[in-house]
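1. sequence and predicted structure are below.
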Amino acid sequence: MRGGLGLIASIIAIITFQSALNLPGGVLNDRINLLHCSVPHSTDLLDAGAVLSRTERVYYILFLAFNTTCFVASLCVSLLLVSGLSLRNRFTVWLLLIGMCTTVTTLLLTYLMGVFMVMPPGEISGEILLRSSFDYLLGFFFMFAIVGLIQVLRFIIWGVRKCFAI
């Protein structure tokens with residue numbers, strides 16, 4: 001179990017690190033003139049930096065927030081695994097579960113924000129993608145809530161048994 005979780009956490013850390021360095025939409029190295037470009041909400045000159053941070057500001061901020069959270073959560077899981085804590089301890093396993101749930105959820109949200117940022121505005125396929133993404137998110141969070149509720153109840157029962165030595 002330790003090896004499998006370590007591998008998954010490492011791969012997710014690599015993915016999120018790369019997506020922070022290679023942003024969707026690319027990065028400008030120099031100032032460019034936008035007289036012949038159709039970039040909404042722009043001035044005549046665009047400074048160096050992430051292109052979509054200017055055009056899709058909300059999605060860009062959410063993308064960075066989810067990506068950073070995913071990166072940190074996967075590093076925390078890796079740290080817990082290499083720390084040598086026993087996987088027979090329920091509290092350690094519960095921490096790993098919370099860390100992996102956070103990692104997978106924010107990885108999904110990072111992916112969706114990246115897709116929404118690069119999707120051309122006003123296309124019918126974009127509207128269909130938006131609706132289907134909402135359905136997928138709803139299904140994922142429903143499954144996540146059920147698994148989370150079961151794990152929290154198991155942890156509470158374990159804590160009560162441990163405290164009262166039942």
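-> Happy to help now that I have it.
2. got any ranges where this protein has weak pLDDT?
-> Segments of the chain classed as low confidence (criterion: pLDDT under 70) are 1-2, 25-55, 121-127, 166.
3. can you map out the strands along the chain?
-> Under the criterion DSSP state E, the chain contains strands at 27-28, 32-33, 45-46, 49-50.
4. any idea which helix is longest in this structure?
-> helix 124-164 (DSSP state H).
5. helices and strands around it, which ones?
-> Based on contacts counted as 3 or more C-beta pairs under 8 Å, 6 or more residues apart in numbering; DSSP states H and E, the elements that helix 124-164 packs against are helix 90-118. (Glycine included, C-beta is placed from N, CA and C.)
6. quick one: buried residues of the helix it packs on?
-> For helix 90-118, a neighbour-count test (16 or more other C-beta atoms under 10 Å) marks 93-94, 96-100, 102-117 as buried.
7. same thing with stretch 5-14?
-> Going by 16+ other C-beta under 10 Å, stretch 5-14 has these buried residues: 5, 8-9, 12-13.
8. what's next to that stretch, contact-wise?
-> 70-71, 74-75, 77-78, 81-82, 96, 99-100, 103-104, 107 (C-beta atoms under 8 Å, 6 or more residues apart in numbering).
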